[in-house]
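Peer 1: Fold the following, please.
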Amino acid sequence: MASVLRGCKASLLLVVLCVTLFTVANGQMFGMGRTKKVDADVSARKRVAARRPWWKKGQNAAAAAIEDMTDMAEDVIEDVQDFVEDVGEMVVASPVFAGKVRPALRKLAITKEKLAMVTKAISDTTQLDDLAFLGVMGWALVPAVEFFYELGDDDDDVEEDTTSDSDSARDANAATNGHDATDKKKPFLKSIAYHIADHFSQFCRIGVGVYAVDVFEILLASLGFNFKNLDQLSEVFAKVAYSVWAAERIKIFKRYLISKAVHRPVNDLGRAGIADHILDAALYGLTAFFLLDWLDVSLGLGIKSMLTFGSAGTLVVSFASKDLAGQLINGLGLAASDKLYEGERIRLDSGVVGVVEKMGWMETTIRLDDEHFLAMGNTELSNKRIINLSRTKQSTVTLTLRFNYNDIDELPKVLDNIKASIRAACPKLIDDGSRPFRVVWSDYGSNHLEVQIEAHFNIPPISPAYHANRENMLHSINGAVKESGIAFKA
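Peer 2: Numbers count the residues shown, from 1 in each chain. Sure thing, here's the model as predicted:
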């Protein structure tokens, strides 16, 4: 029995020791200064236990161990509570949303007094006649100018009905000098009047947007929102909107000047498109730098710090922009190589056939024969072999004819008749020796004789004239075979 009690006592003491070490460790981790207190309590309890009679030590060992464990657990709980309180004090010292959500929601609560104050602030600042002028000029100016422009055409028609003989003589003189007397004014959408009215209309529409931002700024200020640089919100919007609009107008006018210089349509500048792209990049870059510089100076946004990267950031950006730079360089290379232009029909080595719809900075869009659009990266396209069908001036027609073995003796006569018939029916045939023109007996078939025909023509292969010429060639071959008194092998 004594050995059993001693074993129980040793086990309880071991448990107490483990809990004590855990408590000390937690007290050191939380930094709450609880370790010395626990050591003092344990020492006091040991001194008391040493003064007890030896026969009572065994009886009270279990109760003492349980009491020690309870005290230590309470100490751990107190340490945790102290730690939570310390963390809470740190969070309250620098709150992010604490105590800020409810005041913001109160500002959005519209009462009669606040509504009257906001209405008065907006009415005192804004002028309805200004807004009406911007609205009319923005949305009614172009229709009004078009009405008077077309009205002038009607007056010209009335004057034409009352022309005299002298007018006819003047028209004849104008025609003699190289002017067409029947020419009318340009369509409204191509007239100078339209372009002037449209630009002024766009300017006023942006003004309406700036006016709306002004009202929004007044509304926020009246509700009590005091954001940083709130008083410059409309100025920033106006500066950015008008700068981007001006850049787009300059871009369109620049493209028009390039088209006039190279004598090509605006949507098909050819090799001059590379200059157009480079000037676009320069224009957008100047606009961006102007806006960034203005924002940095006027608002103090620290643009330079936004553009400053560490070594790791520079490495990430370098890898991310590698493919973009490759696409851009290959796009410029395609435009400069004169391999293809927008509107031309091409065939790739992969079998893709279509019309080039758009050559962009990063990719080229091809419209396929089934009206689907294929977007191909410039890097991928530059690595393919391209056949420009639109620049091919000659076309080829190859046919295989079959005849019966019974007509083998008549075959030479038939071939001569086919040649003569093709020459007569197809004036665009190339028969000067620079291209082959063959009508030959080529092989023995299992139950027929094979004849190969190869003819080249000065006709583009993708033009309507090609299909008409091919049809004439087929009719001429059929007539020559019938004239020879034989038939094709079924």
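
Peer 1: Would you mark the buried spots in stretch 229-237?
Peer 2: Across stretch 229-237, burial judged by 16 or more other Cβ atoms under 10 Å covers Leu233, Ser234, Glu235, Val236, Phe237. C-beta coordinates here come from the backbone N, C-alpha and C atoms, glycine included.

Peer 1: With stretch 256-274 instead?
Peer 2: For stretch 256-274, the neighbour count (16+ other Cβ under 10 Å) marks Ile258, Ser259, Val262, Arg264, Leu269, Gly270, Ala272, Gly273, Ile274 as buried.

Peer 1: repeat for stretch 350-357
Peer 2: Judged by neighbour count (16+ other Cβ under 10 Å), stretch 350-357 contains these buried residues: Val352, Gly354, Val355, Val356.

Peer 1: just to revisit the earlier point, can you list which of the buried residues of stretch 256-274 are found in helices?
Peer 2: Counting by DSSP state H, the members of the buried residues of stretch 256-274 that fall within helices are Ile258, Ser259, Val262, Gly273, Ile274.

Peer 1: hmm, back to that, now, the buried residues of stretch 350-357 that are in strands?
Peer 2: Residues of the buried residues of stretch 350-357 located in strands (DSSP state E): Gly354, Val355, Val356.

Peer 1: Which single one of those residues is nearest to Phe457?
Peer 2: When those are ranked by distance to Phe457 (Cβ to Cβ), Val355 comes first, at 22.5 Å.

Peer 1: for the record, mean pLDDT for stretch 293-308?
Peer 2: Confidence for stretch 293-308, expressed as mean pLDDT, is 58.

Peer 1: min pLDDT across the buried residues of stretch 256-274, which one?
Peer 2: Lowest in pLDDT among the buried residues of stretch 256-274 is Gly270, which has 70.

Peer 1: Tell me where the model's unsure across the stretch 251-400 of the chain.
Peer 2: Across the stretch 251-400 of the chain, the ranges flagged by pLDDT under 70 are 271, 296-323.

Peer 1: one more time with 50, if that's ok
Peer 2: Within the stretch 251-400 of the chain, the stretches with pLDDT under 50 are 302-303, 306-310.

Peer 1: So Met117 sits against Leu223, correct?
Peer 2: No. When contacts are counted by Cβ atoms under 8 Å, Met117 is not listed as touching Leu223 (9.1 Å).

Peer 1: Which of these two has more residues huddled nearby?
Peer 2: Leu223 (17 against 13; other Cβ atoms under 10 Å).

Peer 1: Break down this structure into its strands, ranges please.
Peer 2: According to DSSP E, the strands that the chain contains are 345-348, 353-359, 363-368, 373-377, 386-388, 395-403, 438-444, 449-457.

Peer 1: which strands and helices sit next to the first one?
Peer 2: Packed against strand 345-348 by the contact rule (3 or more Cβ pairs under 8 Å, 6 or more residues apart in numbering; DSSP states H and E) you find strand 353-359, strand 386-388.

Peer 1: Which pair of the buried residues of stretch 256-274 spans the longest distance?
Peer 2: Longest distance between any two of the buried residues of stretch 256-274 is 14.2 Å, between Ser259 and Ile274; criterion Cβ to Cβ.

Peer 1: Now distance to Ala282 too, for the buried residues of stretch 256-274, in JSON lines please.
Peer 2: Output for the buried residues of stretch 256-274, formatted as JSON lines (distance: Cβ to Cβ, whole Å):
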{"residue": "Ile258", "distance to Ala282": "14"}
{"residue": "Ser259", "distance to Ala282": "18"}
{"residue": "Val262", "distance to Ala282": "19"}
{"residue": "Arg264", "distance to Ala282": "21"}
{"residue": "Leu269", "distance to Ala282": "17"}
{"residue": "Gly270", "distance to Ala282": "20"}
{"residue": "Ala272", "distance to Ala282": "15"}
{"residue": "Gly273", "distance to Ala282": "15"}
{"residue": "Ile274", "distance to Ala282": "13"}
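
Peer 1: returning to that earlier point: closest to Thr111 among the ones in strands among the buried residues of stretch 350-357?
Peer 2: Proximity of these to Thr111, judged by Cβ to Cβ, is greatest for Val356, which lies at 62.9 Å.

Peer 1: quick one: the closest one and Leu389, what's the gap?
Peer 2: Distance, Val356 to Leu389, by Cβ to Cβ, to the nearest Å: 11 Å.

Peer 1: Quickly list what's touching both of the two.
Peer 2: Glu344, Arg345, Ile346 (Cβ atoms under 8 Å, 6 or more residues apart in numbering).

Peer 1: and which of these is nearest to Ile418?
Peer 2: Nearest member of these to Ile418, counting by Cβ to Cβ, is Arg345, at 31.2 Å.

Peer 1: wait, what's in contact with that closest one?
Peer 2: So Arg345 contacts Val353, Gly354, Val355, Val356, Asn388, Leu389, Ser390, Ile462 (Cβ under 8 Å, 6+ apart).

Peer 1: Would you mind listing the two of those residues that lie farthest apart?
Peer 2: Farthest pair in the contacts of Arg345 (Cβ to Cβ) is Val356 and Ile462. Separation: 13.2 Å.

Peer 1: Show me the chain divided up by domain.
Peer 2: According to automatic domain parsing, the chain comprises the domains 2-90, 117-159+187-306, 311-390, 392-483.

Peer 1: Include distance to Ala490 when you put these into TSV, please.
Peer 2: As requested, these are exported to TSV (distance: least, Cβ to Cβ, whole Å):
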stretch	distance to Ala490
domain 2-90	97
domain 117-159+187-306	49
domain 311-390	32
domain 392-483	9
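
Peer 1: Looking at Pro460 now. What's its pLDDT?
Peer 2: At Pro460, the model reports a pLDDT of 90.

Peer 1: residues near it, how many?
Peer 2: Pro460: 17 neighbours (other Cβ under 10 Å).

Peer 1: Give the buried residues for stretch 127-135.
Peer 2: Applying 16+ other Cβ under 10 Å to stretch 127-135 flags Leu134 as buried.

Peer 1: can you check stretch 452-468 too?
Peer 2: Within stretch 452-468, the residues that qualify as buried by neighbour count (16+ other Cβ under 10 Å) are Ile453, Ala455, His456, Phe457, Ile459, Pro460, Pro461, Tyr466.

Peer 1: List the contacts of that stretch.
Peer 2: Residues contacting stretch 452-468 (Cβ under 8 Å, 6+ apart): 345, 389-390, 392-401, 418, 422, 426, 428-430, 435-440, 442, 469, 473, 477.
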